[in-house]
Structure formats: structure tokens, C-alpha cells
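Asker: sequence first, then the predicted structure, then my questions.
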Amino acid sequence: MTTFRELGVDQDIVDVLAESGIIEAFPIQEQTIPLAISGQDIIGQAKTGTGKTFGFGLPLLQRIGDTPEDGVQALIVVPTRELCVQVYEDLELAAKNRAATVVPIYGGKAYEGQIEQLKAGAQIIVGTPGRLLDLANQRILNLKNVREMVLDEADKMLDLGFLADIEKLFSMTPATRHTMLFSATMPGSIVTLARRFMTNPIHIRATDPDEGQAQANIEHIIYRAHSLDKDEVIGRILQAEGRGKTVIFMRTKRAAAKLQEELSDRGFPAAAVHGDLNQDQRERAMAAFKSGKKDILVATEVAARGIDVDDVTHVINHTVPDDEKTYLHRVGRTGRAGRTGIAVTFVDWDDMHKWALINNALEFGMPEPVETYSSSPHLFADLKIPEGTKGRLKATPVKDRPARGEGERRDGGRGEGGRGEKREGGRTRRRTRSADPLGRGRHETHGHEQHGHDLEGGSEPGASLDPAPEGEAAPRRRRRRRRGGSGGQRATDAGTASGEASTDGGSAESAAAPAAE
């Protein structure tokens, strides 16, 4: 392997990296750093996790000098907030012994702190397109003196609709700048962008340009799973031998929030990153995951951009991705920095057509994923799960579980009528969690908890079940009938009219019309 010093990196940067155990360069860094230091425009093609941040970051730091003038000298544009934070942290580390100031500029944070740093003369800016353009249009961010410009994950910028914003940012910088563009794939619009804004760029490929074959250091396991059983299957996978940090990808924000809550309820240290969280919450979740305080991260696809953690051992796709590119981006969170990894994908019956496209594109040779349940012997064998493992680390009694907020939905589906009720047609079921002496508050189906079926059979509006004194048999259910115009009937009618339909208990994706990320 080649050291950074052998690639021409300044000694002070080499020493700082060595203090963090970073000594030898990855292939993309070997090919990129010498050319970038010399001022050559570069198009780098490499998937996430190959070390491209230092591939463009170290030459950038070296070219602006150890005591650069005040004002923006270098601009790095990234597609997401999480990636912005990650790139900022890497450059902040490398610039530790230099006078250069690195500042992250992205949405979801207050303007004041970012504006203060810009006015103080920050030289290196890492930012997302929206906030960068906003500050530039207000004439707070001046890009007229930019000497170094980097566009990272250009294909993702295209997917998120940032192409016009990128062109505006390029137009605000000098034509004589040094430019580097990095992308996992090279769609035609990215090639056109490079031709317009780069000067005789050299195309460097660190991996197969088509990425047609998935990485050999990742084991791909594909199961056809039932939605009602997925939580239990995941709970068992999380107890597999050698399981370290794990990322679970969800299709929607609501599903991500619900699974994180379910896993925490089962005793697993899980954090979540999705669009319904504010930026501070997302950053706290990422920090807990990176530090190992929580070793499970439940995430949606967009929010997971920027998860740059080398020691992820497992990636679980709760639902099959839409295409092979998304699949590769997701599973690329594991098997990084030369390590091995395991990627498990659940394919629903309705998503077999999506899997067929991915299977053909990546040449997996698995057109029919094996039907798998939490009790399937091959699940335990494939993932090295100890025999007899259940999908729960601790059994929390129903009476000890915290009450959930008003109107909050769970698998059983709570309407707007209040906590503990399930509405079906014109009837109301009122659950009693801690007061049911027969333990009828929960049912288990393939290990998955179903909520909202506490009382056997139907009940009239306002029916209640009083708790029996200790040592006595459960009382018979009392039915209270109310005639038209009574408060109880009006409440039921109002609940039905609210439009909050109940859903079948247990389905991880069955909540009505999940909101997209």
C-alpha cells in the first residue's frame, strides 16, 4: 500500500492523519491525489465508502496553503445535510494544524452562526445547494475568489433535482478555478455538466464504471418475507453472531419511526434518521450511531446519505429498493474500507417485479427468493443466529410500558378519538393495558405484537371491562347501551367522521398512505 507522504501530501497533514490511524491510501486516493495537487481537473468515478473525501480534500487543503487569505477560497458542494457534516468533519481533522477554517453551510440550522463564520473570513466551505444559493443571493456568501471547487456525489444531485442550482453556483465562481467532480455513476447530464464547467478533465475510475457486479466482500441474502413477521425476523437477525453496527432502510418516514419505536420496545438500542426529525435530532441520532452508543440505525434512503461509518456489519432492506442503483447505494454502507459485510433484503409478494429487475441488472441468479419466516431453520443457518433466539432482548410487561401520546398511531391504528381506542365502523373498542387480569392486552402472531385487539369479540360503544380484585376471577363484561342522542353515541359518530380509518394490526407498511421522504 502507498502512504500519503509518498503521494506528495504535506508532512503536517500526514502527521494529523497518522494520529487518527490513517496512514495508507485507498485506490481512489492513490490515483486522485497526485493529479489534483498538480492542478489537473478530475472526474472521479467511485462508489460511496472508497475514501474519495480525502481524495479531493487533501489536495484542496494543500493547494490553498497553510495560511490562506480570508474569504472563500474553496467550495465543496454536496447533496445532503448528513454528507455535508461528514465531509466537514474529515476536512476539519485534516486541517487541524493549519490556519484554514472549514465551515459547514446547510439547511435546518440557524443562519446566524453560519453568517458569523463567513464574515469572520472562513476559507473552506462545505455546503448543500439550497443554503449556499440562499446566502449567495443575499450577497453574504462571495464566491468570486474561489480557486478550488468540488462537486461530490454528482449523480445524487441530479436525482434530487439540484442540477440547475449547481449550474448557478458554477456561474458565480471564476472560470479559471481548479475543479473536481465525483460521482458513482455517469449519466449523460453529468457528463454534459463536466464538459461545460471543467477544463480537459481526466476521468479516473476506481471501480467498474457500470457497477454491474455487487461488491465481492458483501454477502447478499434475499428473502421473500411476510410483512407481519418482519419485525420478529429483524429482532432475531440483530442477535446474530458477529453482528456489529447495523443500518435498516425503510421506504417511508412513518415506517422508519414506527420500526425504531418497535425495536426500542424490544430492548434494542436503535436510533432513527428520517425527514420528520429536525436537523438537531438527526445529528444526535447519527452521533449516537457513530459512537456506538446505539448500534442500530433505522433510516430512509435520502436521510441516510452521508452515513460514512466503516464498521457497519449488516444492512437490512426492510422493503426491496426501487432499482439496482438504489440497492447498491444502500448495501454500500457495509463492507467498507476493506471489511466484509452482510446485506439482507426482504421482498414482499407485491414487489417481486422490482426484485426481478435488480436481480437481472446485478446478475445475482436469484429470481425466486426463498420464502422465509422468523421460525425458518435456514434463517438461523444463513445468518449464524443462535438456536432458540427470539426477536426480543427483554420482555417488558404491558403495565410497565409508557403510555403513548394522543392520536399517535400504532399497528392497531388509533384514530383521533383518543389513546387506547380502536374504531371499526360505528363501534369503539377501548383497550385496558394494565388492568386486564387475563393478559388479553396483546396477541402474538409469528412473534409480532399486534395491538388494538384487547377485547374478544365486538362491544357496544362505551363498553368497559373493570379489573378484578387480586385473586378473584375476571368479571363479566358489562354492556351499556345508549340511545340516539346520547353523549357516547355522539362521540362515536364524531370519531367515525374524523376520517381516521383503523388498520390491521402488525403490518409494518400498512398505515394509510405513508408519507414519502
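Answerer: Thanks, I have it. Numbers count the residues shown, from 1 in each chain.

Asker: okay, now residue 69: neighbour count?
Answerer: When neighbours are defined as other C-beta atoms under 10 Å, residue 69 has 10 of them. (Glycine included, C-beta is placed from N, CA and C.)

Asker: local confidence estimate at it?
Answerer: At residue 69, the model reports a pLDDT of 91.

Asker: just say helix, strand or coil for it.
Answerer: Of the three states, residue 69 takes coil under DSSP: H, G, I helix; E, B strand; the rest coil.

Asker: same question, residue 104
Answerer: Here residue 104 is recorded as strand under three-state DSSP.

Asker: so how far is residue 268 from the closest residue to residue 313 other than its chain neighbours?
Answerer: Leaving aside its chain neighbours, residue 313 sits nearest to residue 244 (3.8 Å; criterion: C-beta to C-beta, 6 or more residues apart in numbering). To residue 268, residue 244 is 13 Å away according to C-beta to C-beta, to the nearest Å.

Asker: which of those two has more neighbours?
Answerer: Taking other C-beta under 10 Å, residue 244 and residue 268 do not tie; residue 268 has more neighbours (21 against 14).

Asker: helix or strand for the more buried one, which one?
Answerer: Per DSSP states H and E: residue 268 is located in neither a helix nor a strand.

Asker: that one contacts residue 238, doesn't it?
Answerer: Yes: with contact defined as C-beta atoms under 8 Å, residue 268 reaches residue 238; the gap is 5.7 Å.

Asker: mutual contacts of the two, please.
Answerer: residue 296 (C-beta atoms under 8 Å, 6 or more residues apart in numbering).

Asker: point out where this structure drops to low pLDDT.
Answerer: The chain contains residues with pLDDT under 70 at 47-49, 207-215, 302-307, 337, 394-517.

Asker: can you list the domain ranges for it.
Answerer: Here the domain assignment for the chain is 11-205, 218-383, 410-468+478-507, based on automatic domain parsing.

Asker: ends of the first one, what's the gap?
Answerer: In other words, domain 11-205. 27 Å (C-alpha to C-alpha, to the nearest Å).

Asker: and for stretch 359-375?
Answerer: End-to-end span of stretch 359-375 (C-alpha to C-alpha): 26 Å.

Asker: list the buried residues in that stretch.
Answerer: Using 16 or more other C-beta atoms under 10 Å as the burial criterion, the residues of stretch 359-375 that qualify are 359, 361, 362, 364, 366, 369, 372, 374.

Asker: can you lay out those residues as CSV showing distance to residue 313 and secondary structure?
Answerer: Converted to CSV, those look like this (distance: C-beta to C-beta, whole Å; DSSP: H, G, I helix; E, B strand; the rest coil):
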residue, distance to residue 313, secondary structure
359, 24, helix
361, 25, helix
362, 21, helix
364, 21, coil
366, 22, coil
369, 22, coil
372, 20, strand
374, 20, coil
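
Asker: for those, which two are the farthest from each other?
Answerer: Greatest spatial distance in these: 361 and 374, 29.7 Å, computed using C-beta to C-beta.

Asker: hang on, residue 40 in a helix?
Answerer: No: using three-state DSSP, the assignment for residue 40 is coil, not a helix.

Asker: tell me how far residue 194 lies from residue 392.
Answerer: According to C-beta to C-beta, residue 194 and residue 392 sit 52 Å apart.

Asker: now swap in residue 36 and tell me
Answerer: From residue 36 across to residue 392, the span is 51 Å (C-beta to C-beta).

Asker: so residue 309, which of the three states?
Answerer: Going by three-state DSSP: residue 309 is coil.

Asker: for the stretch 301-450 of the chain, what spans make up the strands?
Answerer: 312-317, 341-347, 370-372, 421-424, 427-430, 443-445, 448-450 (DSSP state E, counting those that start in this stretch).

Asker: chain center to the longest one: distance?
Answerer: Counting by C-alpha atoms, centre = their mean, to the nearest Å, strand 341-347 is centred 15 Å from the centre of its parent chain.

Asker: which helices and strands sit right next to it?
Answerer: strand 218-225, helix 230-237, strand 312-317, helix 324-331, helix 352-362 (3 or more C-beta pairs under 8 Å, 6 or more residues apart in numbering; DSSP states H and E).

Asker: of those, give the one that comes closest to residue 10.
Answerer: Nearest to residue 10, of those and by C-beta to C-beta, is strand 312-317 at 31.6 Å.

Asker: now what about the closest one, what contacts it?
Answerer: 234, 237, 240, 242-249, 327, 330-331, 333-334, 336, 339, 341-346.

Asker: with stretch 158-176 instead?
Answerer: Stretch 158-176 is contacted from outside by 75, 77, 79-80, 129-130, 132-133, 136, 143-147, 149, 151, 154, 157, 187, 189-190, 193, 196-197, 302, using C-beta under 8 Å, 6+ apart.

Asker: next, the distance between the ends of it.
Answerer: 24 Å.

Asker: kindly report the same for stretch 116-128.
Answerer: End to end - C-alpha to C-alpha - stretch 116-128 spans 18 Å.

Asker: pull out the buried residues from that stretch.
Answerer: Buried residues in stretch 116-128, counted by 16+ other C-beta under 10 Å: 117, 118, 122, 123, 124, 125, 126, 127, 128.

Asker: for these, work out which two are farthest apart.
Answerer: Maximum distance among those (C-beta to C-beta): 18.9 Å, for 123 and 128.

Asker: and the strands in the stretch 101-250 of the chain?
Answerer: Assigned by DSSP E, counting those that start in this stretch, the strands in the stretch 101-250 of the chain fall at 102-105, 124-127, 148-151, 178-183, 202-205, 218-225, 245-250.

Asker: list just the one of those that sits closest to residue 279.
Answerer: The closest of the strands of the stretch 101-250 of the chain to residue 279 is strand 102-105. By C-beta to C-beta, the value is 11.1 Å.

Asker: what about the closest one, distance to the chain center?
Answerer: That offset, for strand 102-105, works out to 22 Å (C-alpha atoms, centre = their mean).

Asker: who does it touch, helix- and strand-wise?
Answerer: helix 81-94, helix 111-119, strand 124-127, helix 129-137.

Asker: tell me if residue 58 really is in a helix.
Answerer: Yes: assessed with three-state DSSP, residue 58 lies in a helix.

Asker: wait, it touches residue 5, no?
Answerer: No: Residue 58 sits out of contact with residue 5 when judged by C-beta under 8 Å, with a separation of 11.3 Å.

Asker: between those two, which has more neighbouring residues?
Answerer: The neighbour count for residue 58 versus residue 5, taken as other C-beta under 10 Å, is higher for residue 58 (28 against 16).

Asker: so who does residue 236 touch?
Answerer: Residue 236 makes contact with 374, 379, 380, 385, 389, 390, 391 under the criterion C-beta under 8 Å, 6+ apart.

Asker: on that earlier part again, distance to residue 44 added to the helices and strands packed on strand 102-105, as TSV?
Answerer: Listed next are those as TSV, based on distance: least, C-beta to C-beta, whole Å:
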stretch	distance to residue 44
helix 81-94	14
helix 111-119	28
strand 124-127	17
helix 129-137	19
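
Asker: picking that back up, ok, so of the buried residues of stretch 116-128, who is nearest residue 66?
Answerer: Checking these one by one against residue 66 (C-beta to C-beta), the nearest turns out to be residue 123, at 11.0 Å.

Asker: backbone dihedrals for the closest one, please?
Answerer: Taking degrees, to the nearest 10, you get phi -100, psi -30 for the backbone angles of residue 123.

Asker: how close does it get to residue 26?
Answerer: With C-beta to C-beta as the criterion, residue 123 and residue 26 are 26 Å apart.

Asker: repeat that for residue 46.
Answerer: Taking C-beta to C-beta, one finds residue 46 at 9 Å from residue 26.

Asker: which residues are common contacts for the two?
Answerer: Residues touching both residue 46 and residue 26 by C-beta under 8 Å, 6+ apart: 55, 206.

Asker: looking at these two, which has the bigger crowd around it?
Answerer: residue 46 (23 against 20).
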